[in-house]
Structures are given as structure tokens and as C-alpha cells.
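Trainee: Need coordinates for the below:
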Amino acid sequence: MSGDDAVSHRKGPIQVGLPWLVGLLLGVLAVGPGLERGFVLRYDMVFVPNPPLGPVQLGAGEGFPRAVPSDAFAALLSKALPADIVQSVLLLAIFALSCAGAARLVPGPLVARLAAGVLYAWNPFIAERLLLGQWALLLGYAGLPWVLSAAARLAKAKDLPRLVTALVPAAIGGFSSTVLSALVAVPTALARPGSARRRLGSALLAVAAVAVVSLPWLLPALSAADGGARTDPGAVDLFAARADTPFGAAGSLLTLGGIWNARAVPDLYGHPFFAACRLALTLAALAGWVRLLRRGSLGPAGPGLTAAALAGFAVALLGTADPGRDLLRALIEAWPGFGALRDGHLYTAPLALLQAVGLGGAAMWLAEGAGRADRFGTVAAALLLAAPLVLLPGLAWGAAGRLAPVHYPAEWTEVQRRVDADPAPGSVLVLPWSAYRGLETTGPGRTAVVLDPAVKLFERPAVWNDDLRVADGGTVRAAEGEDPAARAVAEAAARPGGAGAPEIGALGVRYVLIEREAPDPTSADGPRHLSENRFSPAIRASEKVHDGPLLTLYRLPDEHVGAVKVDLSGLEVTGWLVTVGSILWSLIASSSNLVSMRPLRPVGAEPRKENPS
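Mentor: Residues are numbered from 1 along each chain as shown. Below is the predicted model:
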């Protein structure tokens, strides 16, 4: 073992703690004004006061469980802390976990490890996904370095507790998080030294670990697919990666950008100077990665992450060309589960980790001197460390104010209390019939574009228009929703004369909630007024139980409502028990947690050898 390698495995409190502190500071800088009291609402990031924790949040219902178990986890934490503080803690945890995880993968001096951590916690991928509000996905992204490390050591069943522990952020994040974790864990397990049989056994163990932590969302998803939930193949074009730099879609993906939603691009991101410098930084990171691979500094994590990054990049490129889009549409038509491949930008997450570790390798080369004066190398390594921050200024301070807090009027809590206090079963129909709302934030002149908070406000199911509408230039592009209940309600409303109480009630609807001033900023139609609403016949026959300045709540007559209580099936309850039990078992069996898990050792390193050779 070299002296540097020995030092890298004998870290003191500062060596261990500083990456966590730097990650926390990056989180404060990124979230900025969003850390004030109130809720940061942005596209898919919807937190509500007193979030419910019931069967719906655990996966019961007809649609695909995209917010399972992340909503349940946030609701559980909100039993101990105010929900807006829980949101702030989760957002800060993403940055701290990302920075510390990437830093521990680099077997070099502190400046090199911090360079890796800073790039992994501050890059276009994390910026654009944060501006889409996908905090649960980012939690799983933050856990990828820990998954990589654990999978690289996965030789036998006795190593499973370490991997299951590392998968906890992905387990909380849900569907997309566990898909990314599998993309990293399986190739890494296959890259372990040994016979083909042993490598295959390691890979199967990795698959088993990912499957076990996926049960809370996987079982309801399979049930939803059988119940009529579907994925629109036409959305392939909507979710395809797009050019947000001068280098086209492929170049944007290589530099970790390329998000499908133009409104999720940070300020100044596409400026030619910043884009060119980020491309240079990417090339330096790739060069550093190649150097680490040639030195064998990462063990099986090196080839494993390389395979994951190449595979993810290939998936991301599929949507950028007609043959790839045709293939994706054909796959989705054959099986809705392939809808997971539509969002190509998602699969550049392993590439982000590869580049982060590679940048650490480049900084390590500079810090070691590389034949130059040591002072010059140290300064150059420090510049590499700061480069991600300088070249992505649009993420700073709440993405230039776009992550400003929103305060819910007390009226929302009152409506929530009235609906949840009613023991009679039945869903809540949310109107206007559009998915997104424009809500005023505390920032001057800012409007938060957010998924309607009402869909997460109640213990009972909410029926809402889950068609996805995205503004693209001067046009609005739409993808059909997945929830069969929403489709049935829309079909009822499309009939001549609109939807009456018997038709809506027969579909299981008991309440109708109208948000009076809630225009959909992604819709070309603008706000829908009650007098123009297709659901007016049902509303006229219903009892008004709340009438406030912003919200009006109606209750359908009991004789029209054909609803049964929504609950988890026995299989879904078993899935939850298996997942929670496995996580508890892994924490006890490994006597570890995500903080104390040991970093990787270079190939040939001895566990207790400390003297440099």
C-alpha cells in the first residue's frame, strides 16, 4: 500500500467530518430562502401541513404509487417536527449525504476528496432535478456512493446487511431511486474478482437487496397495472432529453444537463462561456477517472460504475433520436413498466458520480505535484474544488429565488380537518380539472408552479387530472395520465350535459373541492371558472360544507355515492413488513449506519496494514 492509500484509510475527525460539513453548507447555499419557515413548493415537491399517514400514503389506490414511500416517510417525521422543518431537513440531507458519500470514494488527500464531494452535490443534474421538485429521487441519488461502496464488497450473504443499509435512502425515495441504485449495484457486484459463478451470485444478492427495499411501491405498482393504470407511449417525445447548452442534446447530457422541462434549467446555465467551462471540467473529470481506473484505486467499484454510467448514458440518448424513440414507444406499448425509461436524463446519475470521483482523481494528481511545484499543484487542486460552484451560479440561493417558501392559509387546514373527520368512505374530486397550480411565494414577483397540494392533503384518495402538461416554447405538450379513476371521471364529465352526482358518486367520489383562484400555469386554457366547469351538475346537487375565500368544499348525497374503504391488501402489508424488518435487521446485523461504513480500499490493500511501503 502506498503512503497516500494508507493515510486515506486512517482519517481523523476532521477528515471524516469536513465533507459532511461542506455538504451541509452547500445545501444551505442551494436552498437559501427556502430554509425560512413555510413550504418550498416546486412542481413535484409538495409538502402540506399535517401530512396524513394512512393507507393511501402507504400505497393503496388505483394509480401508480410514485410518491410511495416518500410521502409516508415525510408524514412520519412530521409527527415529531413541523412539516416545513421536515422538508428543510430532507433537502439539506440530500446535499450532506451526496458530498460525504462521493468524498469517501476517493483514496487521496482531503482536497481531492472534497473536490469529488462538491461536484457530486453541486452539478446540473442535482440543480435541474431540484427545480423539478424531485426531492425523493435526489435522496436516492445521494445514496448512490454508499450503494456503490457496499456493492463492491458484496461477496456473500453475510455482506447483505451493509448493502441494505446503504439502500435506505433509495428505499425512502421510491421507484426512480431504487432503479438508479440497481443500475449501480448490479454491475458493481458483477465486477467483483472471482469466478463467473461467484460474480453471478453477488449480482443476484444485489438484485435481491434492491427488490426487498422496493416492496412498498413495487407490489402496489403491479396491482395498479393489473387494475388498468397505464403509461402513455406518446410521452416519450415529451420526456426526451433536450439541448440546454450549445453542444446539443448529447453534449448537454455529457455535462449532466439536458432536462426535458425548460423551466427546470438554472439561470445562466446555457451561457456559452459557462457551458464551455463545464465541458472542460467534464473532460478533466473523465481524465481523472481513467487515471484512477489505471491505478486500480477503486477496486470493483471502478469497472462497475463505468458500466453503470455507460448504460445510463445510452438510455439517456435513446430519446434523442427517432429510432430510439420508436423503440421506447414499442417497449411501453408491450409493457407499461418500460415507461421508466422515458425520462432519459434520469439515467445520467451514475455518470454524475463517475465524474465527481474522477474530478477527485484529477485533483489528487494535481495535489501530488505531478512533476510540478507542490504549491502550484495544491492551488490548482483547490481551483478544481471551487469550479463546480463558480460554473453553476444559478443553483445558488434558492436557484436565484425560485425556491422561496409558501405559507398555506388556515383554510387549507380547516378543509383537511372536515374531510378527514368524516368516517364515510369515498374520494375527493379536486377542481379545477388540471394538475398544476400557480401559488404566490414570499419572493417578490415569484409564482411557484406546483402539483396541486390538495392531492396530498387528505387521508382518502384524491381524484385529479393527472395528465401532464408541459409548456414548450409557445406550445403546450400533454401526456395522458396514468390513474384509471381520473380517466373515468373525465369520461363522465365529457358526456353531454356534464357530470351529475349519480355518475360521479358511482365512481367512488364523496367530496368535491374547488380551488377558486388556482390557474394552471402550464395550460393554454388559463383558469377555469365554476360556471364553465363540466362538473357543475354534480356540484349543484351537493351540500356545501365549507365556503371560504379560496376553497369551497361540497359533499355528495349519500344515496349517490358507491364507495368502499380503500385499504392495503394483505400482500401489500406483508411487503411493508418485509422491507421495514429487513432494514432493521441490516442496521442491527451490520452494527453500522450510513455514516460509519468504511470507505473503499484500493486493490491489494490490507485491512490492518498502516505503515507505508
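Trainee: Is Glu62 in contact with Gly228, as I believe?
Mentor: Yes. Using CB atoms under 8 Å, Glu62 is in contact with Gly228, at 7.2 Å. Just so you know, the C-beta spots here come from the backbone N, C-alpha and C atoms, and that holds for glycine as well.
Trainee: Report the set of residues contacting both of those two.
Mentor: Residues touching both Glu62 and Gly228 (CB atoms under 8 Å, 6 or more residues apart in numbering): Pro484.
Trainee: who's more crowded, the two?
Mentor: Legend: neighbour count by other CB atoms under 10 Å for Glu62 and Gly228, higher for Glu62 (22 against 14).
Trainee: And that one, what's its pLDDT?
Mentor: Reading off the confidence values, Glu62 has pLDDT 83.
Trainee: Also Gly443?
Mentor: pLDDT, read off for Gly443, is 63.
Trainee: Could you tell me which ranges of the protein sit under the pLDDT cut-off?
Mentor: Along the chain, segments meeting pLDDT under 70 span 1-11, 369-374, 443-445, 471-476, 517-532, 591-613.
Trainee: ranges for the strands of it?
Mentor: Ranges of strands in the chain, per DSSP state E, are 39-40, 405-406, 427-431, 436-440, 447-451, 462-463, 468-472, 475-479, 509-515, 543-547, 551-555.
Trainee: May I see those arranged in CSV, with mean neighbour count as well?
Mentor: Formatted as CSV, the strands of the chain follow (neighbours: other CB atoms under 10 Å):
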stretch, mean neighbour count
strand 39-40, 26
strand 405-406, 22
strand 427-431, 25
strand 436-440, 19
strand 447-451, 21
strand 462-463, 26
strand 468-472, 18
strand 475-479, 15
strand 509-515, 24
strand 543-547, 12
strand 551-555, 20
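Trainee: Dump these to CSV, plus distance to Arg294.
Mentor: Shown next, in CSV, are the strands of the chain (distance: least, CB to CB, whole Å):
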stretch, distance to Arg294
strand 39-40, 43
strand 405-406, 48
strand 427-431, 57
strand 436-440, 49
strand 447-451, 46
strand 462-463, 54
strand 468-472, 43
strand 475-479, 45
strand 509-515, 59
strand 543-547, 67
strand 551-555, 62
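Trainee: nearest residue to Gln355 other than its sequence neighbours?
Mentor: Using CB to CB, 6 or more residues apart in numbering and skipping the chain neighbours, the partner closest in space to Gln355 is Ala285 (4.0 Å).
Trainee: That neighbour against Gly358, yeah?
Mentor: Yes. In this structure Ala285 lies within contact range of Gly358 using CB under 8 Å: 3.9 Å.
Trainee: so Leu341 sits right up against Leu331, yeah?
Mentor: Yes. Counting by CB under 8 Å, Leu341 touches Leu331, with 6.9 Å between them.
Trainee: So if I had to pick from the two, which one is more boxed in?
Mentor: Each of Leu341 and Leu331 has its neighbours counted (other CB under 10 Å); Leu341 has more, 21 against 18.
Trainee: and that one, what does it touch?
Mentor: When contacts are counted by CB under 8 Å, 6+ apart, Leu341 touches 315, 318, 328, 331-332.
Trainee: could you dump those residues to TSV with distance to Arg294?
Mentor: What follows is those, written out as TSV (distance: CB to CB, whole Å):
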residue	distance to Arg294
Val315	27
Leu318	30
Leu328	36
Leu331	37
Ile332	40
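Trainee: Which one (most neighbours) among those?
Mentor: Neighbour tally across the contacts of Leu341 (other CB under 10 Å): the maximum, 24 neighbours, falls on Leu328.
Trainee: ok, how many other residues are close to the nearest residue to that one once chain neighbours are set aside?
Mentor: Setting aside the residues directly before and after it, Leu328 is nearest to Val236 in space (CB to CB, 6+ apart), at 4.7 Å. When counting by other CB under 10 Å, one arrives at 26 neighbours for Val236.
Trainee: and the lengthiest helix in the chain, which residues are buried?
Mentor: Assignment by DSSP state H gives helix 196-226 as the longest helix of the chain. Going by neighbour count (16 or more other CB atoms under 10 Å), the buried part of helix 196-226 is 199, 201-203, 205-206, 209-210, 212-221, 223-225.
Trainee: what do you get for stretch 334-349?
Mentor: For stretch 334-349, a neighbour-count test (16+ other CB under 10 Å) marks 336, 338-339, 341-349 as buried.
Trainee: just how off-centre is that stretch within its chain?
Mentor: Mean-position distance between stretch 334-349 and its chain equals 13 Å (CA atoms, centre = their mean, to the nearest Å).
Trainee: mind checking the end-to-end distance for that stretch?
Mentor: In stretch 334-349, first residue to last residue: 27 Å (CA to CA, to the nearest Å).
Trainee: What is the neighbour count of the nearest residue to Pro193 once chain neighbours are set aside?
Mentor: In space, Pro193 comes closest to Pro300 once its chain neighbours are excluded; the distance is 6.9 Å by CB to CB, 6+ apart. Neighbourhood size, Pro300 [other CB under 10 Å]: 24.
Trainee: so how far is Gly227 from Pro336?
Mentor: Going from Pro336 to Gly227 by CB to CB, to the nearest Å gives 12 Å.
Trainee: Excluding chain neighbours, give the residue nearest to the residue positioned nearest the centre of the chain in space.
Mentor: Geometric centre of the chain, nearest residue: Leu137, 1.3 Å, by CA atoms, centre = their mean. Counting by CB to CB, 6+ apart, Ser176 is the residue found nearest to Leu137 once chain neighbours are left out, at 4.7 Å.
Trainee: contacting residues around the residue nearest to Pro193?
Mentor: 152, 188-189, 191-193.
Trainee: these two touch, right, the residue nearest to the centre of the chain and Val179?
Mentor: No. Using CB under 8 Å, Leu137 makes no contact with Val179, being 9.6 Å away.
Trainee: what's near enough to touch the residue nearest to Leu137?
Mentor: 134, 136-137, 140, 340, 343, 346.
Trainee: Dump those residues to CSV, plus distance to Val470.
Mentor: As requested, the contacts of Ser176 are exported to CSV (distance: CB to CB, whole Å):
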residue, distance to Val470
Gln134, 15
Ala136, 20
Leu137, 18
Gly140, 23
Ala340, 18
Asp343, 12
Leu346, 16
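Trainee: what's the closest of the residues you listed to Pro51?
Mentor: Distances from Pro51 to these, taken as CB to CB, are shortest for Ala136 (13.6 Å).
Trainee: ok, now how distant is that closest one from Val419?
Mentor: Ala136 sits 25 Å away from Val419, going by CB to CB.
Trainee: Which one of those two is surrounded by more residues?
Mentor: Shown here are Ala136 and Val419; by other CB under 10 Å, Ala136 has more neighbours (28 against 24).
Trainee: and the gap between that one and Ala74?
Mentor: 9 Å.
Trainee: May I have the phi/psi pair for Gly258?
Mentor: The phi/psi pair for Gly258 (degrees, to the nearest 10) reads phi 90, psi 20.
Trainee: what's the neighbour count on it?
Mentor: Gly258 has 30 nearby residues by other CB under 10 Å.
Trainee: just checking, it touches Ala240?
Mentor: No. Gly258 is beyond contact range of Ala240, at 9.2 Å (criterion: CB under 8 Å).
Trainee: which residues do the two both contact?
Mentor: In contact with both Gly258 and Ala240: 249, 344, using CB under 8 Å, 6+ apart.
Trainee: what sits against the residue nearest to the centre of the chain?
Mentor: So Leu137 contacts 129, 173, 176-177, 180, 346 (CB under 8 Å, 6+ apart).
Trainee: measure it to Gly505 for me?
Mentor: For Leu137, the distance to Gly505 (CB to CB) stands at 37 Å.
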